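Q: Structure for the following, please:
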Amino acid sequence: MGEVKGEACRILITGAGGFIGRATVAEARARGLDVVALVRKSVAPEWADDDGVTVVEADLSEPSSLQPLRRALRGCDAVIHAAAHLGGDDAAIEADTLAATRHLLAALPKEVRLVLVSSIAVYDLSKLAPGEAVTERSPLNRPGHAQDSYAESKLAQEVLCQGALQPLWLMRPGAVWGPGRTWHALNGFWAGPLQVTLASDGELPLVHVKHVARALVSAALTDPQGMTALNVIDDDLPTRARFVAAHRRAAGWPRAAIDVPWTLWLTLTRTLKRFERRLPGLLREPVLRARIMPLRWPNTALRASLGGRDDAPFEALLQHTLESET
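A: So this is what the prediction gives:
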């Protein structure tokens, strides 16, 4: 484990108005840390009466953000970089993920600890066999050969940050869920009201947004050993069938669901290979493997480096999360 900084510090969080960013601001404040919340537009209402949160409005995709960034960074010991485009729009990725990261790095003093919110999408799962474990030593995608634009962008973002020679944490969350976002794209697909689960005995690489925030703030307070990559994954990972069953019990949906063996779906994608350029993601083998292939997702390195544990088993955490939405 790296050296933990015991004294309170001041941290800057980019993308602070987003799903992960807002939870991370809350976690940092709960630990008594001063926060500079960098936002483009969204200002969380709970910050209004909190003297420990300084809001800075700046568009990181623009070079004009450099001057307010440099001012905002004064007195900061660490930066948690959560700003990024989450979709597949190439122009938005270039602006909101890559240009934003370049501008942040241009303003960042060399001694400031950087915590990058990356993704498990950087791994080349085509190199793994069903049932294998994905660890921080698993092969990464080669630039230009990832399964989609988002995966390419997170890989490129990691390369940019590694080149900056900062004390660096590469944090790779799985599918992040929490209030308002308990479902995800790793289960299968919807056919009208029917949920089609591409079933296997593999683990879903899930992580609750509060657990992500906890890991990010812990990293911001801890010296990495040079460049340190960590998969940010929960302890209790359900199978896809268990995930659907838990939602049906806790939320009453999906009302209609069927399981299709993932191997059967894989066979279908292979028969359609010559048409794959025109087909949706789960009918293309690289995307299918990246989202559905049964794998194991240990968080051994995360716990060894930063400690922590799940707040509750998956079903209890889901129930509590759904109740917090009402």
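
Q: how distant is the helix-or-strand element of the chain with minimal mean pLDDT from the center of its chain?
A: Sorting the helices and strands of the chain by mean pLDDT, DSSP states H and E puts helix 285-292 at the bottom, at a mean of 89. Centroid separation for helix 285-292 versus its chain: 18 Å, with CA atoms, centre = their mean, to the nearest Å.

Q: Now do it: which elements does it pack against?
A: helix 262-271 (3 or more CB pairs under 8 Å, 6 or more residues apart in numbering; DSSP states H and E). Every C-beta, even on glycine, is put in place using the N, C-alpha and C of the backbone.

Q: So what touches the helix it packs on?
A: Among residues not part of helix 262-271, those counted as contacts by CB atoms under 8 Å, 6 or more residues apart in numbering are 198-200, 276, 282-285, 288, 292-294.

Q: hmm, back to that, could you list the buried residues of the helix or strand following the least confident helix or strand of the chain?
A: The helix or strand immediately downstream of helix 285-292 is helix 300-306, counting by DSSP states H and E. Using 16 or more other CB atoms under 10 Å as the test for burial, helix 300-306 gives 301-302, 305-306.

Q: And for stretch 30-38?
A: Buried, per 16+ other CB under 10 Å, within stretch 30-38: 33-38.

Q: Stretch 162-178 now?
A: 166-178.

Q: how about the strands in the protein?
A: Using DSSP state E, the strands assigned to the chain run over residues 10-14, 34-39, 53-57, 78-81, 113-117, 168-173, 175-177, 188-191, 194-199, 206-208, 227-232, 256-261.

Q: Now distance to residue 139 and mean pLDDT too, for those, in a markdown table please.
A: Formatted as a markdown table, the strands of the chain follow (distance: least, CB to CB, whole Å; pLDDT from 0 to 100):
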| stretch | distance to residue 139 | mean pLDDT |
| --- | --- | --- |
| strand 10-14 | 29 | 97 |
| strand 34-39 | 33 | 97 |
| strand 53-57 | 38 | 96 |
| strand 78-81 | 24 | 97 |
| strand 113-117 | 19 | 97 |
| strand 168-173 | 14 | 97 |
| strand 175-177 | 20 | 97 |
| strand 188-191 | 26 | 93 |
| strand 194-199 | 23 | 95 |
| strand 206-208 | 21 | 98 |
| strand 227-232 | 13 | 95 |
| strand 256-261 | 26 | 95 |
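
Q: returning to that earlier point: among the buried residues of helix 300-306, which two are most distant?
A: 301 and 306 (9.2 Å; CB to CB).

Q: Touching both of those two, which residues are there?
A: What both residue 301 and residue 306 touch, as defined by CB under 8 Å, 6+ apart, is the set residue 230.

Q: Can you give me the end-to-end span of stretch 107-122?
A: One end of stretch 107-122 to the other measures 26 Å (CA to CA, to the nearest Å).

Q: Flag every buried residue along it.
A: 107-108, 112-122.

Q: list the contacts for residue 302?
A: 215, 230-233, 308.

Q: can you rerun that using 10 Å?
A: 136, 171-172, 207, 211, 215, 218-219, 230-235, 308 (CB atoms under 10 Å, 6 or more residues apart in numbering).

Q: filter the residues you listed to the buried ones?
A: Counted by 16+ other CB under 10 Å, those give 136, 171-172, 207, 211, 215, 218-219, 230-235 as buried.

Q: before we move on, the earlier item: what is the most widely separated pair among the buried residues of stretch 107-122?
A: 107 and 120 (28.1 Å).

Q: Leaving out chain neighbours, which residue sits closest to the most centrally placed residue in the chain?
A: In the chain, the residue lying closest to the centroid (CA atoms, centre = their mean) is residue 173, at 3.7 Å. Spatially, and ignoring its direct neighbours in sequence, residue 173 is nearest to residue 232 (4.2 Å; CB to CB, 6 or more residues apart in numbering).
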